[in-house]
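Participant: Got a sequence here, can you model it:
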Amino acid sequence: MANLPDETLTTILYLQRRLFQIINQASAAEFNLAEEYGETEATLGELEELKNVIERARTSYTRLYRLVLLVGESQPIADSATINLLEQSIAQAEATADASEASTQEIKRNWNLP
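Facilitator: All right, here's what the predicted structure looks like:
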């Protein structure tokens, strides 16, 4: 039977929650920056960075979601390539989350955004 250890599932669900929060915070920061300061030469770099943060977080979230479903649907067991890809995706999602949180916080701090 295709299954994942509870620890792996807990990690994935935690990462999906974290990535959702990153998408939400970066979207809010992008909106607030554009509303308060407009799309100017001074803000374009940060607005683009926030769009990139959102896209990277969305990609990681979607990849984890699809791979977990693939493992669950695999019978009688998931192939090792899928499991390896899932493990790599977990590591990549963790790195993406760390970098994305830092980027978003820095932009919010630099522009005094809520």
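Participant: Could you check which helix or strand contains the residue lying closest to residue 70 once chain neighbours are set aside?
Facilitator: Nearest non-adjacent residue to residue 70, counting by C-beta to C-beta, 6 or more residues apart in numbering: residue 82, 5.8 Å away. C-betas here are computed from N, CA, C, even on glycine. Using DSSP states H and E, residue 82 sits within helix 80-110.
Participant: Which pLDDT value does the model give the residue sitting furthest away from the middle of the chain?
Facilitator: Distance from the centre of the chain peaks at residue 76, with 30.3 Å (C-alpha atoms, centre = their mean). For residue 76, the pLDDT comes out at 86.
Participant: who's in contact with the spatially most central residue of the chain?
Facilitator: In the chain, the residue lying closest to the centroid (C-alpha atoms, centre = their mean) is residue 57, at 2.4 Å. Counting by C-beta atoms under 8 Å, 6 or more residues apart in numbering, residue 57 makes contact with 19, 22-23, 26, 96-97, 100.
Participant: quick one: it and residue 23, what's the gap?
Facilitator: 5 Å (C-beta to C-beta, to the nearest Å).
Participant: Distance from the chain centre to stretch 85-99, please.
Facilitator: Chain-centre distance of stretch 85-99: 9 Å, with C-alpha atoms, centre = their mean, to the nearest Å.
Participant: hang on, the earlier thing: how big is the angle separating the helix or strand harbouring the residue nearest to the centre of the chain from helix 80-110?
Facilitator: Residue 57 belongs to helix 41-73 when assigned by DSSP H and E. Put simply, helix 41-73 runs at 150 degrees to helix 80-110, going by axes from the mean of the first three to the mean of the last three C-alpha atoms, to 10 degrees.
Participant: buried sites along helix 41-73?
Facilitator: Under the neighbour-count criterion of 16 or more other C-beta atoms under 10 Å, helix 41-73 has 43, 46-47, 49-50, 53-54, 56-57, 60-61, 63-64, 67-68, 71 buried.
Participant: What of stretch 104-112?
Facilitator: 104, 107-108.
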